[in-house]
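**Q** Sharing a sequence plus its predicted fold:
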Amino acid sequence: MPIKVPDNLPARTVLEQENIFVMGEQRAFHQDIRPLQIGILNLMPLKEETETHLIRILSNSPLQIDVTLLRIASHTPKNTSAQHLNTFYKTFDEIKDKNLDGLIVTGAPIEQLNFEDVAYWQEFRDILAWSKDHVTSTLHICWAAQAGLYLNYGIQKYPLEKKLFGVFSHTIVTPTPLVRGFDEIFHAPHSRHTYTRKEDVEVIPHLEILAESAQAGVYLIATKDGREVYVTGHSEYERYTLKQEYIRDVEKGVSAPLPENYFPADDVNSAPAYTWRAHANLLFSNWLNYCVYQETPYDLSKLSFEDLFL
C-alpha cells in the first residue's frame, strides 16, 4: 500500500528513487477506494486446487478484491464437476461487456502442443484480445505467458531436452516496482517442457526482463507500462504441489524426473521446504498494487487506455 507523506517532505524524493510508493497529501485526499475486480481465467485441469492457490495468495494483500472465476466455454474439463463450473464460473460471453481491473491467466499442461493445435485456441485469442481494451493489467502464468508472448509479439516457445521441474534460484535483472522488496536471490517453482529464449524478448522494445534464472531462464517479463506481466514459473504453487504433480505422473506411467532442489536429499518421503512463499506473496501484492490499484480508474466504465499509464 502507498505511504502518505507531506507534499514537500525531503525524504519523499529518496523513497521514490527506491521505488517506494509515496503519496502526497493532495492525492491522498482525493482518492476514492473500491474493491478491485480481478478475473481468473483458470485453464488448469484441477480447477479447485488452482483457484484455491490463487485466491489464497491474493488474500495476502490489504486491498479488497472481488474475484470472478472464468472458464473456457469451448472446452469441457475432465477433472472438475459440471456443478462446480456452473455454480462458480462464468464464461467469456457473460463478462465480455464488462471491464476488469486485473486478469490472471493460469498455465495449462499443453505446452508441448503447437499453439494453433490447442482445442480452445481461438477462444483464448479472443479473450486476450478483449483484455487489451477491458483490463488494466493482465498477469500470464507459465503456458499462458508463452501463449501471450506469442500472440502479442510473435515470440516462439522451444522444446527442452527434458522437463524443467523443481525449485530454482532467480536474480533481479531490471529493478522496477513489480520486483520491489525481492531478495537479491529468490526461489520459484517451474514445471514445463518448453522455454522462451532471452534474446527473443530482448529485441522487443516494449518488453523488459525483470528476473531470470541460470537454470530456468527468463522468469519475469513485463511491458514498461505494466499492462502485461508474464511469469514463466509457478510462484502460486504451494508446498506440496510439485510432489502431487510428480506422484500423478508416476501413477500415470509417465517418465517423470524428480523435482530438483525440492525434496531434502531427494527423499520423496521428506517434507519439502517452502522456500518461495515470501516471493510469491510479494509478486502478487506488487502486481495488485503497482500494476492494478495505482493505475485503474475508480469508475471502471471509464477505463480508457489513451491516457492510462501516462
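**A** Yep, it's here. Numbering: from 1, shown residues only.
**Q** longest single strand anywhere in the protein?
**A** Longest strand of the chain, by residue count under DSSP state E: strand 158-172.
**Q** After it, which helix or strand is next?
**A** Once strand 158-172 ends, the next helix or strand along the chain (criterion: DSSP states H and E) is strand 185-195.
**Q** Give me the mean pLDDT for the helix or strand just after that following strand.
**A** Counting by DSSP H and E, the next helix or strand C-terminal to strand 185-195 is helix 198-202. Per-residue pLDDT over helix 198-202 has a mean of 98.
**Q** Next, the buried residues of helix 198-202.
**A** Neighbour counts over helix 198-202 (16 or more other CB atoms under 10 Å) mark 200-201 as buried. Placement of C-beta: from N, CA and C, glycine included.
**Q** List the contacts of the following helix or strand past that helix.
**A** Using DSSP H and E, the next helix or strand after helix 198-202 towards the C-terminus is strand 207-213. With CB atoms under 8 Å, 6 or more residues apart in numbering as the test, strand 207-213 has contacts from 153, 168-174, 176, 178-179, 182, 186, 188, 198, 201-202, 218-224.
**Q** change it to 6 Å
**A** 168, 170, 172-174, 176, 179, 201, 218-222, 224 (CB atoms under 6 Å, 6 or more residues apart in numbering).
**Q** likewise stretch 178-185?
**A** By CB under 6 Å, 6+ apart, stretch 178-185 touches 19, 169, 171-172, 210, 222, 282, 286.
**Q** end to end, how far does it reach?
**A** 15 Å (CA to CA, to the nearest Å).
**Q** same deal with stretch 213-227?
**A** End-to-end span of stretch 213-227 (CA to CA): 23 Å.
**Q** now stretch 96-115
**A** With CA to CA, one end of stretch 96-115 sits 23 Å from the other.
**Q** For it, give the mean pLDDT please.
**A** Mean predicted lDDT for stretch 96-115 stands at 95.
**Q** can you check stretch 289-301 too?
**A** Here stretch 289-301 scores 90 as its mean pLDDT.
**Q** ok, for residue 119, nearest residue in space, not its chain neighbours?
**A** residue 75 (5.7 Å; CB to CB, 6 or more residues apart in numbering).
**Q** any idea where the strands of the protein begin and end?
**A** Along the chain, counting by DSSP E, strands occupy 3-4, 22-23, 36-41, 65-71, 89-91, 100-105, 135-141, 158-172, 185-195, 207-213, 217-223, 228-231.
**Q** if we can go back for a sec, show me which of the contacts of strand 207-213 are buried.
**A** 168, 170, 172-173, 176, 179, 201, 218-222.
**Q** which residue packs closest to residue 57, ignoring adjacent ones?
**A** For residue 57, ignoring the flanking residues on the chain, the nearest one in space by CB to CB, 6+ apart is residue 284 at 5.0 Å.
**Q** residues near the one you found, how many?
**A** As a burial measure, residue 284 scores 21 neighbours (other CB atoms under 10 Å).
**Q** mind checking how far it is from residue 241?
**A** Taking CB to CB, to the nearest Å as the measure, residue 284 falls 16 Å from residue 241.
**Q** ok, now residue 295?
**A** Here residue 295 is placed at a distance of 31 Å from residue 241 (CB to CB).
**Q** Over to residue 200?
**A** 29 Å.
**Q** repeat for residue 175
**A** 29 Å.
**Q** out of these two, which sits in the more crowded spot?
**A** Neighbour totals were compared for residue 175 and residue 241, and residue 241 leads with 19 against 12 (other CB under 10 Å).
**Q** Quick check: the gap between that one and residue 233.
**A** Using CB to CB, residue 241 is found at 12 Å from residue 233.
**Q** and what of residue 128?
**A** 20 Å.
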